[in-house]
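Chemist: Below are the sequence and a predicted model; questions follow.
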Amino acid sequence: MPVPAISKRFGLVVRDRRTATGITQEELAERAGLHPTYVSMVERGVRNPTLDVAARIAKALKAELPRLIEEAQGQKGGKGRKP
């Protein structure tokens, strides 16, 4: 079953936020209580996180989940993504 486009864009927002804060996938995973492979899969849009997991990721990034979702909804994908 293909992952919805919003999940792919959410993953891009997570990656952008993570790299902007200068942390690794491993550190994000540790902060969120997730496996690093799962974080990688979310960032690549391969996995569709539940709301609970998305909230843990947002908290680990010191961000509000609604803001991350809003950013994902506003993205068109590709280059020139919003930070």
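Modeler: Nice, thanks for sending it over.
Chemist: burial count for Gly33?
Modeler: Using other C-beta atoms under 10 Å, Gly33 is surrounded by 11 other residues. Yep, even glycine has a C-beta here, placed from its N, CA and C like the rest.
Chemist: in which helix or strand would I find the residue nearest the centre of the chain?
Modeler: The residue lying closest to the centre of the chain (C-alpha atoms, centre = their mean) is Val14, at 2.7 Å. Here Val14, judged by DSSP states H and E, is contained in helix 5-21.
Chemist: Identify all contacting residues around that helix.
Modeler: With C-beta atoms under 8 Å, 6 or more residues apart in numbering as the contact definition, helix 5-21 has outside contacts at 24-25, 28, 39, 42-45, 47-49, 54, 57, 61-63, 68-69, 71-73, 75, 77, 81-83.
Chemist: average pLDDT for that helix?
Modeler: Per-residue pLDDT over helix 5-21 has a mean of 96.
Chemist: now do stretch 54-73
Modeler: Within the predicted structure, the mean pLDDT of stretch 54-73 is 97.
Chemist: Could you tell me the end-to-end distance of it?
Modeler: Start-to-end span of stretch 54-73 (C-alpha to C-alpha, to the nearest Å) is 15 Å.
Chemist: Show me where this structure has its helices.
Modeler: 5-21, 25-32, 36-43, 51-60, 65-74 (DSSP state H).
Chemist: and the residue lying closest to Arg31 once chain neighbours are set aside, how far is that from Leu28?
Modeler: Take Arg31 and drop its neighbours on the chain: the residue closest to it by C-beta to C-beta, 6 or more residues apart in numbering is Ala60, 3.6 Å away. For Ala60, the distance to Leu28 equals 6 Å [C-beta to C-beta, to the nearest Å].
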